[in-house]
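*Asks:* Predicted model and sequence follow; I will ask about them next.
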Amino acid sequence: MKKVPYAIYMAKGVELYGADKTKWKFECIQCHHVQTQQDFTDAGIADADTLAHFSCIGRFVKGVGCD
């Protein structure tokens with residue numbers, strides 16, 4: 001496993017996906033639903049800035065993704 005310092009990881013993310021991190025897309029590894037941090041925020045889910053990266057939105061919103 002390759003370790004990448006957080007600052008370098010975030011800089012690469014901005015380079016690839018843009019400065020607005022709420023629009024970065026993440027795919028659920030189980031159901032392949034694609035979601036953004038903004039999707040979590042729009043659904044009223046607290047801690048959207050941490051959950052969107054590793055939790056399927058289906059855990060919190062019925063009928064979307066998986067649980």
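*Replies:* Sure, I can see it. Values in this document were obtained by computation on a predicted structure and should not be read as measured data. Numbers count the residues shown, from 1 in each chain.
*Asks:* In PDB, list the C-alpha atoms belonging to the helix of greatest length in the chain.
*Replies:* Among the segments of the chain that qualify as a helix by DSSP state H, the longest is helix 6-17. Coordinates of each C-alpha in helix 6-17 appear next as PDB, following Å, rounded to 0.1, in the frame of the first residue of the first chain:
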ATOM      1  CA  TYR A   6      -3.000  14.400   3.200                       C
ATOM      2  CA  ALA A   7      -1.900  17.700   1.600                       C
ATOM      3  CA  ILE A   8      -0.600  15.900  -1.500                       C
ATOM      4  CA  TYR A   9      -3.800  13.800  -1.700                       C
ATOM      5  CA  MET A  10      -6.000  16.900  -1.500                       C
ATOM      6  CA  ALA A  11      -3.900  18.900  -4.000                       C
ATOM      7  CA  LYS A  12      -4.200  16.000  -6.500                       C
ATOM      8  CA  GLY A  13      -8.000  15.900  -5.900                       C
ATOM      9  CA  VAL A  14      -8.300  19.600  -6.600                       C
ATOM     10  CA  GLU A  15      -6.200  19.100  -9.800                       C
ATOM     11  CA  LEU A  16      -8.400  16.200 -11.000                       C
ATOM     12  CA  TYR A  17     -11.800  17.200  -9.800                       C
END
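*Asks:* average model confidence for it?
*Replies:* The average of the pLDDT scores along helix 6-17 is 94.
*Asks:* Then stretch 28-46?
*Replies:* 95.
*Asks:* Any buried residues in that stretch, and which?
*Replies:* Judged by neighbour count using 16 or more other CB atoms under 10 Å, the buried positions of stretch 28-46 are 28, 35-40, 45. For glycine as for every other residue, the C-beta is placed from the backbone atoms N, C-alpha and C.
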